[in-house]
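Below is the sequence, then the predicted model.
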2 protein chains.
Amino acid sequence: MAKTVKDKYVFSFADGKADGDESRKDLLGGKGANLHGMTKLGLPVPPGFTISTDVCTHFYANKKTYPKVLDAQIRAALAKMEKSMGRKFGAKTNPLLVSVRSGARASMPGMMDTILNLGLNDATIEGVIAESKDARFSYDSYRRFITMYSDVVLDIHSNYFETALEDLKHERGVELDTQLSAEDLKKLVTDYKQIVRSNGKVFPEDPWEQLYGAVGAVFGSWMNPRANTYRKLNDIPEAWGTAVNIQAMVFGNMGDDCATGVAFTRDPSTGVRKFFGEFLVNAQGEDVVAGIRTPQPINEESRQEGAEKLPTLQGVMPKAYAQLVKVYQRLEKHYRDMQDIEFTIERGTLFMLQTRSGKRTAQAALKIAVDMVNEKLITKSEALMRVKPEQLDQLLHPCLDPNAKKNVIAKGLPASPGAATGQVVFDPDTAEKWANDEGKKVILVRLETSPEDIHGMSVANGILTARGGMTSHAAVVARGMGKCCVSGCGSIKISYERREFSVGNLIVKEGDFITLEGSAGEVILGEVPTIAPALNKDFQELMKWVDDVKQLGIRTNADTPHDTKVARSFGAEGIGLCRTEHMFFESDRIDAVREMILADNTEGRQRALDKILPMQKGDFKGIFREMKGFPVTIRLLDPPLHEFIPHQDSELHTLADKIGVTFDRLKRKAESLHEFNPMLGHRGCRLGVSFPEIYRTQVRAIMEAACELMKDEGFKIIPEIMIPLVGDWRELRFVGDYCREEANRVIDEFKKQGVKGVQYLVGTMIELPRAALTAGEIAKYAEFFSFGTNDLTQTTYGLSRDDSGMFLKDYLDAKIYERDPFASLDTAGVGRLMKIASEEGAATRPDIKIGICGEHGGDPASVEFCHDAGLDYVSCSPYRVPLARLAAAQAALRNPRAPAKKAGAKGVVKTLSKKPGKALGKAPAKANGKVAAKAKKKAKR
Amino acid sequence: MAKTVKDKYVFSFADGKADGDESRKDLLGGKGANLHGMTKLGLPVPPGFTISTDVCTHFYANKKTYPKVLDAQIRAALAKMEKSMGRKFGAKTNPLLVSVRSGARASMPGMMDTILNLGLNDATIEGVIAESKDARFSYDSYRRFITMYSDVVLDIHSNYFETALEDLKHERGVELDTQLSAEDLKKLVTDYKQIVRSNGKVFPEDPWEQLYGAVGAVFGSWMNPRANTYRKLNDIPEAWGTAVNIQAMVFGNMGDDCATGVAFTRDPSTGVRKFFGEFLVNAQGEDVVAGIRTPQPINEESRQEGAEKLPTLQGVMPKAYAQLVKVYQRLEKHYRDMQDIEFTIERGTLFMLQTRSGKRTAQAALKIAVDMVNEKLITKSEALMRVKPEQLDQLLHPCLDPNAKKNVIAKGLPASPGAATGQVVFDPDTAEKWANDEGKKVILVRLETSPEDIHGMSVANGILTARGGMTSHAAVVARGMGKCCVSGCGSIKISYERREFSVGNLIVKEGDFITLEGSAGEVILGEVPTIAPALNKDFQELMKWVDDVKQLGIRTNADTPHDTKVARSFGAEGIGLCRTEHMFFESDRIDAVREMILADNTEGRQRALDKILPMQKGDFKGIFREMKGFPVTIRLLDPPLHEFIPHQDSELHTLADKIGVTFDRLKRKAESLHEFNPMLGHRGCRLGVSFPEIYRTQVRAIMEAACELMKDEGFKIIPEIMIPLVGDWRELRFVGDYCREEANRVIDEFKKQGVKGVQYLVGTMIELPRAALTAGEIAKYAEFFSFGTNDLTQTTYGLSRDDSGMFLKDYLDAKIYERDPFASLDTAGVGRLMKIASEEGAATRPDIKIGICGEHGGDPASVEFCHDAGLDYVSCSPYRVPLARLAAAQAALRNPRAPAKKAGAKGVVKTLSKKPGKALGKAPAKANGKVAAKAKKKAKR
């Protein structure tokens, strides 16, 4: 389509010719663009015209008025329709009736949808009756029009009209609308107009007034609350605006040689390649939706349970069906995607009313994408863009049986996807007992979780917490375990004492069944059947293409050999974050950890650390083995020490007895470790500054593990030792110096045993604003950076992820935050710091390796930001790895990087310096152009 | 002095000629530069030379070796000395003896100080005896030399030598050194050398070896731990290095016509213009310090208590004294400052050994500066640079009687200056009872303080806390009250139960007296007399000059009319931060505040707020009246709501009874408000988003106060409504919109009563990194910015000021932080964010008013940063205002701003747009040049 003519606001389509085409969704909206497209393809589309989105923009920028030239353009377009149809708008004979439909760039529930039969009034109805020879049909159309028009244009609730209809049926002693006579319906039209008047409005008889009323209603609905909410949820800019489509009416309800239906060119549930749809004889589109009659299958392949005996379209209107098959094949080939089509058959003639890319399940999306590549309909690159990364979640986790009923009793945050059903337990010990000893499925319900709950979390099917956000302990650990979790569900009130929780008046006791839906944050009463995930051949195929395209490395956050193995199976190319503190909580070592904390001096701490050393070494060896050949980044101890000591007096008493110190001493220690703001307290490398022996011991464990594997199992691993919470280069120098000293000491010890060539890196988290702002200095002492965007988000916003649940909703409601910044990276603030740090870090050390290991590493938009920002890798929890890989591939297709930005990078795994542009097919030409320009710009930098 | 010749390392001075002068302290050190200077002035200085600081730098850069050319240069310089003195180094007859002294750019305790009599050995001693005809003097000099040399060069503790000396006195049956004979001292020399040998060392007989040993010891001492500590404490860069001064010996101990002494050209305690000093007949410099004999006054003006009968130098050596008077007058006029001089009289002849600017008390500094201006010795600008801003603290607060003894039992952080003595109390209620009802002086001792302790703090003489840093609640509130406070004193263990605290084994019970010294952080057992502050005429004079020079506005942080009044009396030009929450704690309204918090809905909250409104309005009117004519910035409610609710069950019970709700409900509410990290929680404008009625009520109170004052008292005030904790422009838009709406509503209400022209501003704190990073957007909705650098430091560092006390010491010890970032602004991180915010804020809104209201506003270095960064004002606690004014004036002298950067700024008080460069006298030419260049650069920007 050529460049838009200035001041052209109305675009006609009729008789195989159209002013627009499907490329101009921005101007014509999705529905409009495809009507133009189908018309150009020569398909049977009733003629019409589209009022462009520019008019919507003008409307809101100019106190809800239209451009001056609009009226003339509309009248010209309508004249074209009249000519094409051989009818006249508002004429008594052969009157032209039209439909008015909204059509935004993206499908937008909540907006005014459709007004049919516009143009009917007490004069034109005569023409319709004369032409159709069916007074009943005519009056039925008229009263439907008044109902729709009054509802959406005059703001009179349809209930008034429904009641009048019901009253009349009652009066006539009939049950169905269809049992009313033409006379009844005619009376109803009169009654309806009276209803309008009694609501203080007047039903316009002038078709032009009707038309402008409808157009204004479409534009007005762009800003209605439901539309606003939908846009907010789906990141649709207000500025896009909507278009209005005005099209000649065709009727599927003029008799038994008429029909209306919807169809998909492939099965939207499974993706299987079969023509799939349903229809109703003698009906208008809204009847299919209303569900008064059971729709019939269009063909045998579409036959569903309960519709065994209904005749198919293929059977009853074979000619129209054959035409429809040709049309759908043409459409799929043209649009190169599965289509969702609407059609109407008027007295045996097929008309196409809509085509659009069909919504589909994750499974279908995957299958269709892979199939279409095999059918040579699309390229592999296009296939990669057809699957939403978020959809992979559905494939990796169990989901609720979509046909099962569910009684949602509360909603929390969608902290970790999947679905799980089980019996409620309120503490980790019970969870363990019930699950392990009694074989029960359990759901662990806690106010919030802490590292002490890990054993309970690991046996639970799902986790529900009353507090905590998307990056709370529960959320992070659950995602790591690939387990369903709903967090921050404030409406449940838990009483540990009474072993129950309540939601409003409902009480759920320990042992009762509940079900969680982690992707929606739903808490459901009772058991709901779930469907197990299946990673099929299509998935494997698609992920192979992903790896050929993506330029960003995808690592995982994993703390155990098990998690590491899972992550490898999902394609992780290394560990970006191995948190050593989780190992500290294991029951065989927590006592030694506590002994270390209680020690009054360095010697005492070292004694305890000596007990921990061999255990940590064992952990590391296990992880290194699973990640053979890939880098492993190990973060030294991060949380404040008080996290390892119980908080309740009763627990302190038990612990005191167990480890043989007095309660008083233990209590005093616990008190002395208390912090007002633990997030900003004595943690991370601050521990390393105060107690170097802790980090030294950890470094020794890491290096001995690496050296022993080299010696005994003959394979090399390059550990990346990561120092957390650095805010000043002197901090990193201080800690880094002694870590390197200890590492080199171990290497020297093993050299004497003939073990040679062991290497390691020392780097730091960038998780404080000051670290980002002084990254140029810090890079002198760091061989790699890893953005800890959880903490960086907390400190940049001054927002505790554990406490933000209290008011985040207020922020989303007031549109202050578009998305939870802990779920999706804030590019303006946190992202700006990341860019400063990346640029200034690389200026100091050109071969610095830069990654991200916050929870954002598993968010597609954030992955794209990281790709664009030139990071080397993102790291996310194991179950997010496939999603991140796909997001990275899509980012690379949108904005490929200049070749081999950092070929010389130290210790970089081969997967990290992937060559770009090895495109597997052609991406749309336009996108490519933009992308190439960007890449050039980047290469220059 | 001309540019240094390359590779010239040794600089001679002798016979009225010198290679250097006093401008080259960088090269020659302070002592050396002045020796060169005095020589050039023609004063009687023994000849010598200086080895430059470049050698020290070379020494450390080259594995402790010297430049190759050094030796030849030293030998040449020594030859010049020999020629001047007519003596020969190492010769048996007429030997040249020398002193070796360190001399860094700044005076540096902790370094090697002095070796006298170098050149003595078993051969040269004969020459000295022959010449002095005094064997006793000669051997005494020899044994002193061995002691000093062994101690500082050979690292043999002087105890060994003292013991030998004592043993010999015991053997001889004498008590004083002076009672030993020449023979005894000769024997001692032999014994001393034996001691050296038995320590595995050899005392060098070769004078050149002695000389190099001494020079090496000086350079070596530059890096000894004491010197390092001193440098760290005084911000002296390691790279400066030290020089070494080698000078011909003159002897004050060769008989009764010899003397040695020190003098000040003015009284260093009071600043009074009188020649002031003391001396000893027949003594070497060290004897004056050792205090064996009571020093004699040099004149009648110098006579002290206890020295009533001692003859003066003027009396016993009138000729030398007259010469000394001429010298001191010459020196003061030349150096244009009070001098601290050292002299020796050898056989009636005066020699000058040192001159330097004398250390002085704050009072003296002020008086000398003002007097010297009146004497036309210095300009007003120079006078302003002569008083350290920190010294004003001493003038504004009581201080300990310097002559009183003090038993320091613990040290904490110097949280708020001044000194206070009183009886220990452990809770605010007892404090109030004892102070108000019983008229006792009390010191409030708490683990930490909270807003609930305010009534006890306000009656206490001083406050001592075991926890919390420089910006803890106790520290901030105490500084605001101008009250002495020692915080974070971890070594005291408080037991509220036993009503006592312990330090080690010492127990201090309630009612016991202690004394606090807030500038040093000292806790002293018992009562120590204090001296009340006195703001004299000199202070008023100097501060007048300050205001003529400074370009930065100085506001105050004040929450009450009383504080406001105090701040005005100290010259505050407005309020930069009025915290409304402190008003919430007053006993007549805290119940209404709690009622508001407990309310379950907006209506309940509004009912409670309606009770608070008139009280807050009253507060504001009081403050506005005190600040008549100046701007007042009022911050809307900031702290999380749980701060207003007690935390102990017992207190909750009491409160529940009092306000008539059940304990359970109160407890549940308290629990639901609990936060893990309150600093990052539901506070600041987040409260304004969740509960708009709170801010609306506050805005109404502010605006009604302003309007009523205009109506009833006829004066106008422009309130600046400040919204805290903004992190996103949408947050500010949301809250700012309804605040403006409410403010305009009040203005409209009063317009109807004929009140016209009321104005106000709405602005925001910039206290989160994200606010700084997105300030360009935020400025669209803010008429002013105020940097809340307390919170900005916390979030930029990810460091809780309340918790950092636990490990800050480790950081300072490891030199990771040079200074506590909460005390002095971190320019690399926090400062960078401030610059980003200032620049991008001003780019959006050129007339935006920008200030700072964190505690840094009272820190001189931070004030200078704010001046340089182009801020409009700083705001600090009332008692810091004079200090901030002086610091601002000094900053303006160092780096004057381009004229009238923002003449058109909205609502700016006249003091803010001061014209620069209205210099009151000439600053030193060099500084001026640099400054002008900078100003140009700034003007360009």
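Good, I have the coordinates. Numbers count the residues shown, from 1 in each chain, chains lettered A, B, ... in the order given.

From residue A:710, how far out is residue A:393?
Distance of residue A:393 to residue A:710, computed by CB to CB, to the nearest Å: 38 Å. For every residue, glycine as well, the C-beta is placed using N, CA and C.

which other helices and strands contact the helix or strand that contains residue A:167?
For residue A:167, the host element (DSSP states H and E) is helix A:159-172. Judged by 3 or more CB pairs under 8 Å, 6 or more residues apart in numbering or on different chains; DSSP states H and E, helix A:159-172 is in contact with helix A:135-152, helix A:182-198.

Residue B:305 is nearest to which of those helices?
helix A:135-152 (101.5 Å; CB to CB).

Show me what that closest one is packed against.
strand A:114-118, helix A:124-132, helix A:159-172, helix A:182-198, helix A:207-221.

just to revisit the earlier point, okay, residue A:393 and residue A:710: which has more neighbours?
Taking other CB atoms under 10 Å in any protein chain shown, residue A:393 and residue A:710 do not tie; residue A:393 has more neighbours (23 against 18).

can you pull the contacts of the more buried one?
Counting by CB atoms under 8 Å, 6 or more residues apart in numbering or on different chains, residue A:393 touches A:362, A:417-418, A:519, A:879, A:883.

Which of these lies at the shortest distance from residue A:858?
Taking CB to CB as the measure, residue A:858 sits nearest to residue A:883 out of these, at 6.2 Å.

Can you get me a residue count around that closest one?
Other residues near residue A:883 come to 25 when the count uses other CB under 10 Å.

Distance check, it against residue A:507.
To residue A:507, residue A:883 is 38 Å away according to CB to CB.

same question, residue A:309
Separation of residue A:309 from residue A:507 (CB to CB) stands at 47 Å.

what's the closest of the helices and strands packed on helix A:135-152 to residue A:692?
Closest of those to residue A:692 is helix A:207-221, at 65.5 Å (criterion: CB to CB).

I'd like the mean pLDDT over the closest one, please.
Regarding helix A:207-221, the rounded mean pLDDT is 95.

Run the angle between it and strand A:114-118 for me.
Relative orientation of helix A:207-221 with respect to strand A:114-118: 180 degrees, computed using axes from the mean of the first three to the mean of the last three CA atoms, to 10 degrees.

residues making contact with helix A:207-221?
Contacts of helix A:207-221 (CB under 8 Å, 6+ apart): A:51, A:55-56, A:59-60, A:64, A:74, A:89-90, A:98, A:100-102, A:110-112, A:115, A:118-119, A:121, A:124, A:149, A:152-154, A:204, A:227, A:242, A:244, A:246.

Cross those against helices and list the overlap.
Using DSSP state H, the members of the contacts of helix A:207-221 that fall in helices are A:55-56, A:59-60, A:74, A:124, A:149, A:152, A:227.

coming back round to it: I'd like to know which of the contacts of helix A:207-221 are buried.
Buried subset of these (neighbour count, 16 or more other CB atoms under 10 Å in any protein chain shown): A:51, A:55-56, A:59, A:74, A:89-90, A:98, A:100-102, A:111-112, A:115, A:118-119, A:121, A:124, A:149, A:152-154, A:204, A:227, A:242, A:244, A:246.

Out of the helices and strands packed on helix A:135-152, which is closest to residue B:447?
Per CB to CB, nearest to residue B:447 of the helices and strands packed on helix A:135-152: helix A:207-221, 61.0 Å.

who's in contact with residue A:27?
So residue A:27 contacts A:4, A:11, A:20, A:33, A:52-54, A:243 (CB under 8 Å, 6+ apart).

Among these, which one has the most neighbours?
Greatest neighbour count in those, by other CB under 10 Å, goes to residue A:243: 32 neighbours.

My guess is that residue contacts residue A:57. True?
No - using CB atoms under 8 Å, residue A:243 is not in contact with residue A:57; the gap is 10.8 Å.

residues near the closest residue to chain B within the stretch 101-250 of chain A, how many?
Per CB to the nearest CB, residue A:232 is where the stretch 101-250 of chain A lies closest to chain B, at 12.3 Å. Per other CB under 10 Å, the neighbour tally for residue A:232 reads 15.

what pLDDT does the spatially closest residue to residue A:15 that is not a sequence neighbour get?
Leaving aside its chain neighbours, residue A:15 sits nearest to residue A:84 (5.4 Å; criterion: CB to CB, 6 or more residues apart in numbering or on different chains). pLDDT recorded at residue A:84 is 95.

which residues does residue A:84 contact?
A:14-15, A:47, A:248.

same deal with residue A:503?
A:409-410, A:491-493, A:523.

Buried ones only from the residues you listed, please, as a PyMOL command.
Of the contacts of residue A:503, the buried ones go into a single PyMOL selection, burial set by 16+ other CB under 10 Å:
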select buried, chain A and resi 409+410+492+523
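
Sort out for me which of the contacts of residue A:503 are in helices.
Counting by DSSP H, those contribute nothing to helices.

wait, which of the contacts of residue A:503 is closest to chain B?
residue A:493 (9.1 Å).

Can you tell me how far whichever residue of the stretch 801-941 of chain A sits closest to chain B is from residue B:772?
Nearest residue of the stretch 801-941 of chain A to chain B: residue A:829, at 3.6 Å (CB to the nearest CB). In this view, residue A:829 and residue B:772 are 9 Å apart by CB to CB.

Between these two, point out the one with more neighbours.
Legend: neighbour count by other CB under 10 Å for residue A:829 and residue B:772, higher for residue B:772 (30 against 24).
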